[in-house]
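Student: got a structure for you, letters missing:
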């Protein structure tokens, strides 16, 4: 049985998001959201993951390096 979504859990989730995620807002022509949703569904991904996976090759190519989340962690 899933744990209840309490105010404390909501607060902890929000704190984790703020520490670990960047939020990006974009404006796109009408219908873009529906097209992205359809493409993501066909790929078996969330819209968020579909956008990230689609854009990652472009930014990695432009930067000449893997994304921070794809880099090998440094060990001392």
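Tutor: Received the coordinates, thanks. The structure presented is a predicted model; accordingly, all values stated were derived computationally and were not measured.
Student: C-alpha only now, for contacts and for neighbours.
Tutor: Will do.
Student: so where's the protein uncertain?
Tutor: 69-76 (pLDDT under 70).
Student: 90 - rerun?
Tutor: 1-5, 63-76 (pLDDT under 90).
Student: Spell out the residue ranges of the helices in it.
Tutor: 7-20, 32-43, 47-63 (DSSP state H).
Student: Between these, which one is closest to residue 1.
Tutor: Smallest distance to residue 1 across the helices of the chain (C-alpha to C-alpha): 15.8 Å, for helix 7-20.
Student: how distant is the closest one from the center of its chain?
Tutor: 16 Å (C-alpha atoms, centre = their mean, to the nearest Å).
Student: would you list the helices of the chain in JSON lines and tack on mean neighbour count and distance to residue 26?
Tutor: Converted to JSON lines, these look like this (neighbours: other C-alpha atoms under 10 Å; distance: least, C-alpha to C-alpha, whole Å):
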{"stretch": "helix 7-20", "mean neighbour count": "11", "distance to residue 26": "19"}
{"stretch": "helix 32-43", "mean neighbour count": "13", "distance to residue 26": "11"}
{"stretch": "helix 47-63", "mean neighbour count": "13", "distance to residue 26": "12"}
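Student: For those, give me CSV that also has distance to residue 1.
Tutor: As requested, those are arranged in CSV below (distance: least, C-alpha to C-alpha, whole Å):
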stretch, distance to residue 1
helix 7-20, 16
helix 32-43, 27
helix 47-63, 27
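Student: Spatially nearest residue to residue 59, not counting backbone neighbours?
Tutor: Nearest non-adjacent residue to residue 59, counting by C-alpha to C-alpha, 6 or more residues apart in numbering: residue 67, 7.9 Å away.
Student: so who does that neighbour touch?
Tutor: 56, 59-60 (C-alpha atoms under 8 Å, 6 or more residues apart in numbering).
Student: do that again at 10 Å, thanks
Tutor: The neighbours of residue 67, taking C-alpha atoms under 10 Å, 6 or more residues apart in numbering as the test, are 56-57, 59-61.
Student: Could you report the distance from it to residue 43?
Tutor: Remark: distance between residue 67 and residue 43 (C-alpha to C-alpha, to the nearest Å) = 21 Å.
Student: next one: residue 64
Tutor: Applying C-alpha to C-alpha to residue 64 and residue 43 gives a distance of 27 Å.
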